[in-house]
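Peer 1: need a 3D model of the following:
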Amino acid sequence: MEQEMIGLASKMEPGLAAGAYTLKASQDSSIPDSKIEPALFSFRCGADPLRMQQTDVYSVYPPREAFGKFERVLPNIVFTNKTLPWERKVNKADKAPWLALLLFDETEDAAITSLPAEEAFTPAQGRYCPVNYDSSMAGNCMILDAAAGLFGSICPDVGDLALCAHARCVCRDNKVTEKDPPEEWLSVLLSTRYPAAVSGERGIRNICCVVSLEHFGEFLTDPALRAEIAKGETYKTVRVPVLYSWSFYCSSEEFDFKTVFERLDAGALQLPEIKKDSLPEELLNLMKLGYGPVDHQLRDGSSTVSFYRGPFRAYQEKESGMTPQMNGDAWLRYDPAIGMFDITYSAAYCLGRQLALQNGSYAAALHKWRSENKTQAGKIRQRYILACRLGLEPEISSCCMELMTKSQKDAVPDGGSNLSGIEGTGLFSELMEKAIKERLERAAKELLKLT
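Peer 2: Here you go, the predicted model:
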């Protein structure tokens, strides 16, 4: 699509409606008394009525856990699947999207919880929930319990619901940075309500929920039922399935970078006032370079005072050619002249490790890497035991020493192969496999000669 153009569609229905399908392939034969049984292939089509894949969500606005002045912004969510809002049909309103984006704030009587599907959709007195449990609803699901009056006021009717979803086509050649961007057509879901806002630095928390209205057709199309539920007399609460949710904070005050920066409390980063001639010249020179004394708890339980310097420096630091270390203690630097530690790099290492582990995808990838390496180490250990039983230990050790010596001679100044690390483990495994194979082949030949 051209960069200057944008395409809009009020709806984009899928080729097949949601449901179970069976393909039957049969073949006739002219051979007498021959019969070919038909082949059957069953599959289901359409979105999951209770769950949504994270990959289905392209973006949300306002951003997740963002702080800002969003009081005049309609929250919206963009899906990578262009037909997602229309893949299931709403009872008694099959032309309306089955998804809606509901918005409420932290002061309102609404809550999202996770429950087993059987428990979530068991009828209860005083609760309106037209979703009936069946055996296909396996596992847990997210549900929204809202006060009946609140739900009646924030949930769009069938007319508004059709206006809350559309498909959009834009050119993202100069905008998208991801490796595998989705196709040009995307689907968008809008809220019918503006976020609540209060003054103050924190603002007020607003929660957005993508809910399924597949079974709420009667509520959407019958004004009498909607009015009855809104009164909150027959039904006190309404329960609706939640497929996705996020939250953000909205303030009525300006919330730009300048405002946030001016409100920062930098007291902890300021150096104490130092009187003239109160410290030795060496310590004064360090403080001029940006170092400051901080309390330091050692591993043995004792405490001391060490020097720390932040990442912002007023001068260009010379490259030191540092190599990776295995833990934070390895980055501690001790100055015997003043008898104090420099914890600058150690603190940076620990902070970086905590930030990395806080990232869910990184932590999962790290766990996968560790599990695979443990499995690989176990396999290598078993093969090593076999090699020792075959009397190959001296031969393998000799080959490893030759490779390590050669690697050290060929190593470049900025780092190279390290056979004691992962590469060494791989080469060690290859050496064992080669030695074991050669020994077994020789043994097989000797057996053949004897027979």
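Peer 1: can you give me the helices for the protein?
Peer 2: Using DSSP state H, the helices found in the chain span residues 117-120, 148-154, 158-163, 217-221, 223-231, 257-262, 281-288, 344-358, 360-389, 393-410, 422-450.
Peer 1: so can I have TSV of those showing mean pLDDT and mean neighbour count?
Peer 2: Every C-beta, even on glycine, is put in place using the N, C-alpha and C of the backbone. Compiled in TSV, the helices of the chain are given as follows (pLDDT from 0 to 100; neighbours: other C-beta atoms under 10 Å):
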stretch	mean pLDDT	mean neighbour count
helix 117-120	88	16
helix 148-154	92	19
helix 158-163	91	16
helix 217-221	91	19
helix 223-231	90	14
helix 257-262	69	10
helix 281-288	77	13
helix 344-358	88	14
helix 360-389	83	12
helix 393-410	69	13
helix 422-450	76	13
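Peer 1: which residue packs closest to M12, ignoring adjacent ones?
Peer 2: Excluding the flanking residues, the one nearest M12 by C-beta to C-beta, 6 or more residues apart in numbering is A167, at 4.1 Å.
Peer 1: list the residues that contact the closest residue to V211 other than its chain neighbours.
Peer 2: Nearest residue to V211, sequence neighbours excluded (C-beta to C-beta, 6+ apart): V240, at 4.6 Å. Neighbouring residues of V240 by C-beta atoms under 8 Å, 6 or more residues apart in numbering: C129, V131, I143, L144, A146, F151, V211, S212, L213, F216.
Peer 1: follow-up on the earlier one: closest to A9 out of the helices of the chain?
Peer 2: Comparing those against A9 with C-beta to C-beta, the closest turns out to be helix 158-163 (12.6 Å).
Peer 1: for that closest one, packing partners?
Peer 2: Applying 3 or more C-beta pairs under 8 Å, 6 or more residues apart in numbering; DSSP states H and E, we find helix 158-163 packed against helix 217-221.
Peer 1: send me the helix it packs on as PDB with only the CA atoms.
Peer 2: Taking C-alpha atoms only, helix 217-221 is exported to PDB below (Å, rounded to 0.1, in the frame of the first residue of the first chain):
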ATOM      1  CA  GLY A 217     -27.000 -11.200  22.400                       C
ATOM      2  CA  GLU A 218     -30.200 -10.800  24.400                       C
ATOM      3  CA  PHE A 219     -28.600  -8.200  26.600                       C
ATOM      4  CA  LEU A 220     -27.400  -6.300  23.600                       C
ATOM      5  CA  THR A 221     -30.700  -6.300  21.700                       C
END
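Peer 1: please report how far the residue lying closest to T304 once chain neighbours are set aside lies from Y345.
Peer 2: Spatial nearest neighbour of T304, chain neighbours left out: H296 (5.1 Å); criterion: C-beta to C-beta, 6+ apart. Here the criterion is C-beta to C-beta, to the nearest Å. By it, H296 lies 14 Å from Y345.
Peer 1: among the contacts of V240, name the ones in strands.
Peer 2: Among the contacts of V240, the members found in strands (DSSP state E) are I143, L144, A146, V211, S212.
Peer 1: can I get these in TSV including neighbour count, distance to C250 and pLDDT?
Peer 2: Conversion of those to TSV gives the following (neighbours: other C-beta atoms under 10 Å; distance: C-beta to C-beta, whole Å; pLDDT from 0 to 100):
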residue	neighbour count	distance to C250	pLDDT
I143	23	25	93
L144	21	20	94
A146	24	19	94
V211	24	21	95
S212	23	26	93
